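Asks: Return atomic coordinates for the entry below.
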Amino acid sequence: MNVLNAIGIFGLGCALIACQAKSESGKDISQENLVNEWDASLYLEMQNQLGEGAIYNHKTNEFWHIDIEGKQFYTTDIVSREQRTFDVGDRIGTIVPNDLGQAVVALQNGLYTYDFESNTQELIVNPLDTISNIRFNDGKCDPAGRLWVGSMGLDQQSYRASLYSLDQGIVKQQLDSITISNGIVWSKDQKTMYYIDTPDENVKAYDYDVKTGRISNGRVVIEIGGIGYPDGMAIDSEDMLWIALWNGNMVGRWNPNTGELIGKVNVPAHNITSCAFVGERLDSLIITSARVDMSEEELEKYPLAGSLFVVVPGVEGVKSTFYKTAVSAQ
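Replies: Presented below is the predicted three-dimensional model:
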């Protein structure tokens, strides 16, 4: 049962619309250029300044996301839409569940474990403690349970940031000379990592070793092409990439093997930031958005900016991996 059926929403315009690419003469170029198109509907009206970090906790049946500038994260029951708010006191770049029923949050001053029973946070490590004017940004866990999380300068200065991995409490710098570290996912065969550095306007693939966590052979597999800036990213069961576009009013579905845009989710907001498949069948896509970096005219045009949206695109996602905590000594 998908989320739309579960919460009794109907008539939301989630039907598939086939839109074929046209040549300059107006004729269909080819069937290979078929782009599927959907319209997202409102899931939960919110005023997130910088909503991000979409992830589905399949154990609690909750959608988790953050408001970076609001210094909060949210857990939302996907059926009842009952939502809880947690203040963390600092800018938050990402959130993931761990295998102990807690959360791992990347705050501006370090990586922390957040305990829901005591509502307390405990520092794990802070690899940014010697770097000024910088914060953590997006991140997710790899198939082995390592958290990969990147950073960005508060002034968005080029090449000051990095991508890190956190493996049972041990942090390692994986990439340097990054500008705005963003979406990251892994292929079903656990051999490829896909990664976004937003200003590059592309997606890079890396060979990935699940046993060691090493990456190599970075290469560009998708060029976004000026339709927005790539932000957060999800992957589906067919290994296709769903990329939220800042300044793009949409989530795009790309084939990383060909580099082609093969699907488009229209969203009634301007800055689209992240997305995650949710539900028992992982067949509903919840999308986050932001209100920052918008003019008064844009806010008037998109009054739902900062809200959560949903669409049922006819494909299923994959379960998110939780952070694997260190094994206790026996």
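Asks: okay, CA-based contacts and neighbour counts for the rest of this
Replies: Fine.
Asks: lowest-confidence helix or strand of the chain?
Replies: strand 17-20 (a mean of 34; mean pLDDT, DSSP states H and E).
Asks: Report all helices and strands that the helix or strand following that one contacts.
Replies: Using DSSP states H and E, the helix or strand that follows strand 17-20 in sequence is strand 34-39. Counting contacts by 3 or more Cα pairs under 8 Å, 6 or more residues apart in numbering; DSSP states H and E, strand 34-39 packs against strand 17-20, strand 260-266.
Asks: The longest one: what's the following helix or strand?
Replies: If I follow you right, that is strand 260-266. Next element after strand 260-266 (DSSP H and E): strand 271-278.
Asks: Pairing partners for that following strand, with directions?
Replies: Strand 271-278 has its sheet partners listed here by DSSP bridges as strand 284-290 (antiparallel).
Asks: If you count neighbours, what's buried in the helix or strand following the strand it pairs with?
Replies: With elements assigned by DSSP H and E, the helix or strand that comes after strand 284-290 is helix 296-301. Applying a neighbour-count criterion of 16 or more other Cα atoms under 10 Å, one finds residue 299 buried in helix 296-301.
Asks: Equivalent analysis for stretch 283-295, please.
Replies: Buried, per 16+ other Cα under 10 Å, within stretch 283-295: 283-292.
Asks: what about that stretch, how long is it end to end?
Replies: 34 Å (Cα to Cα, to the nearest Å).
Asks: again with stretch 238-255
Replies: Start-to-end, stretch 238-255 (Cα to Cα) is 9 Å.
Asks: Next, the contact list for residue 98, please.
Replies: 104, 322-325 (Cα atoms under 8 Å, 6 or more residues apart in numbering).
Asks: before we move on, the earlier item: go through the buried residues of stretch 283-295 and name the one nearest residue 66.
Replies: Lowest distance from residue 66 to the buried residues of stretch 283-295 (Cα to Cα) belongs to residue 288, with 9.1 Å.
Asks: which residues touch that closest one?
Replies: Residue 288 neighbours (Cα under 8 Å, 6+ apart): 51-52, 54, 65, 272-275, 306-309.
Asks: mind giving me CSV with these and columns for neighbour count and distance to residue 109?
Replies: Output for those, formatted as CSV (neighbours: other Cα atoms under 10 Å; distance: Cα to Cα, whole Å):
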residue, neighbour count, distance to residue 109
51, 31, 19
52, 30, 18
54, 28, 21
65, 26, 19
272, 35, 26
273, 31, 22
274, 30, 23
275, 30, 25
306, 28, 25
307, 23, 27
308, 27, 27
309, 24, 30
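Asks: Dump these to a markdown table, plus distance to residue 100 and pLDDT.
Replies: Conversion of these to a markdown table gives the following (distance: Cα to Cα, whole Å; pLDDT from 0 to 100):
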| residue | distance to residue 100 | pLDDT |
| --- | --- | --- |
| 51 | 25 | 98 |
| 52 | 23 | 98 |
| 54 | 20 | 98 |
| 65 | 19 | 98 |
| 272 | 31 | 98 |
| 273 | 28 | 98 |
| 274 | 25 | 98 |
| 275 | 24 | 98 |
| 306 | 31 | 98 |
| 307 | 30 | 98 |
| 308 | 27 | 98 |
| 309 | 29 | 98 |
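Asks: Make a markdown table out of the residues you listed and add distance to residue 179.
Replies: Compiled in a markdown table, the contacts of residue 288 are given as follows (distance: Cα to Cα, whole Å):
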| residue | distance to residue 179 |
| --- | --- |
| 51 | 20 |
| 52 | 18 |
| 54 | 21 |
| 65 | 23 |
| 272 | 19 |
| 273 | 17 |
| 274 | 18 |
| 275 | 21 |
| 306 | 24 |
| 307 | 27 |
| 308 | 27 |
| 309 | 28 |
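Asks: does residue 131 sit in a helix or strand, and which one?
Replies: Per DSSP H and E, there is no helix or strand for residue 131.
Asks: picking up where we left off before, and which of the buried residues of stretch 283-295 is nearest residue 100?
Replies: Nearest to residue 100 among these, with distances taken as Cα to Cα, is residue 286, at 24.8 Å.
Asks: List the contacts of the residue lying closest to that closest one once chain neighbours are set aside.
Replies: Of all residues not flanking residue 286 in the chain, residue 310 sits nearest, at 4.5 Å (Cα to Cα, 6 or more residues apart in numbering). Going by Cα under 8 Å, 6+ apart, residue 310 touches 40-43, 284-287.
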